[in-house]
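J.: I would like to see how this sequence folds:
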Amino acid sequence: MLLKTKGIVLRFVKYKESSVIATIYTQEEGLVSVIANSVRSKSSKGKIALYQPLSLIELVIYHNRTKSISRVSDIRSYHPLHNLRQNPIKSSIGIFLTEIINKCIKEEESNPPLFNFIQESILYLNEQSIGINNFHLIFLLKLSLFLGFKPHSTNDFINQLPNASFYKEDSNQQILNTFLSANYDTSLGVSSLFRQTLLNDMLMYYQNHLDLGKIKSIKILHELLLE
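T.: Below is the predicted model of the structure:
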């Protein structure tokens with residue numbers, strides 16, 4: 001059947017001379033794998049850009065749930081991410097988000113609230129001009145709610161860490177408490193040490209619930225988000 005849906009591109013691999021196989025998180029069917037022909041040819045007019053990770057797309061696919069790969073009939077961007085692609089800090093955060101989403105989301109079924117959350121997060125990251133240094137931390141906390149293991153309190157979070165001495169200081173514990181209920185636009189003036197420590201601890205917290213493996217993009221985040 002022909003299926004029309006919004007989607008968020010998570011990754012792609014080259015296939016044959018000019019095609020790609022992409023993994024897309026869709027609004028209607030959850031995770032789907034698609035094959036797109038001739039998108040890497042000279043005559044494709046830059047269509048390969050539509051398959052870059054985090055691209056927000058509308059696509060029509062020939063979809064059969066009994067088959068592992070669907071074929072793309074039509075695809076277009078419904079919100080280009082120019083700012084995210086061109087800003088080195090935003091693009092680095094985007095790489096981190098892509099890696100986390102790829103490791104955490106395995107659903108082959110529709111989950112509109114989760115889709116909307118990821119879509120709105122990407123749009124916020126693309127459009128916000130200031131105050132994004134804590135974005136990835138708030139994203140992890142918000143995503144954990146959809147994954148079913150968001151910490152209920154500072155103690156719930158701290159008690160799952162092997163070394164929680166950093167949060168024994170009242171000031172650090174208060175900042176952590178603010179993070180747990182923060183939105184992307186919440187003003188949080190924190191040091192680079194706190195930001196790096198919390199990111200490492202958030203990933204450790206995730207490891208208690210999911211098998212994330214090594215997060216390759218964390219190093220560049222630590223280097224860029226020093227302020």
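
J.: L198: how many residues sit nearby?
T.: Other residues lying near L198 total 23 when counted by other Cβ atoms under 10 Å. Glycine gets a C-beta too; all of them are placed from N, C-alpha and C.

J.: you'd agree R85 is in a helix?
T.: Yes: with DSSP: H, G, I helix; E, B strand; the rest coil as the criterion, R85 is part of a helix.

J.: what does the model give it for pLDDT?
T.: At R85, the model reports a pLDDT of 93.

J.: Report the secondary structure state of V60.
T.: With three-state DSSP as the criterion, V60 reads strand.

J.: what secondary structure does the most centrally placed residue in the chain sit in?
T.: Centroid-nearest residue in the chain, with Cα atoms, centre = their mean: L97, separated by 3.1 Å. Secondary structure state of L97, per three-state DSSP, is helix.

J.: check which helix or strand covers the nearest residue to it once chain neighbours are set aside.
T.: Setting aside the residues directly before and after it, L97 is nearest to F139 in space (Cβ to Cβ, 6 or more residues apart in numbering), at 6.3 Å. Assessed by DSSP states H and E, F139 sits inside helix 135-147.

J.: So which residues lie in contact with stretch 91-99, not counting its own?
T.: Residues outside stretch 91-99 that contact it (Cβ atoms under 8 Å, 6 or more residues apart in numbering) are 10-11, 53-54, 81, 84-85, 121-122, 125, 132, 135-136, 139, 215-218, 220-221, 224.

J.: which of the residues you listed are buried?
T.: Among the contacts of stretch 91-99, those classed as buried by 16 or more other Cβ atoms under 10 Å are 10-11, 53-54, 81, 84, 121-122, 125, 132, 135-136, 139, 215, 217-218, 220-221.

J.: Any idea how many residues pack against T98?
T.: T98, neighbours per other Cβ under 10 Å, totals 19.

J.: go on, the one 10 residues further on?
T.: E108 sits with 11 neighbouring residues when counted by other Cβ under 10 Å.

J.: Could you look up the SS state of it?
T.: coil.

J.: Same question for R71.
T.: Here R71 is recorded as strand under three-state DSSP.

J.: For the residue nearest to it when sequence neighbours are not counted, which residues are in contact?
T.: The shortest distance from R71 to any residue other than its chain neighbours is 4.6 Å, reached at Y62 (Cβ to Cβ, 6+ apart). By Cβ under 8 Å, 6+ apart, the residues touching Y62 are 1-3, 70-71, 73.
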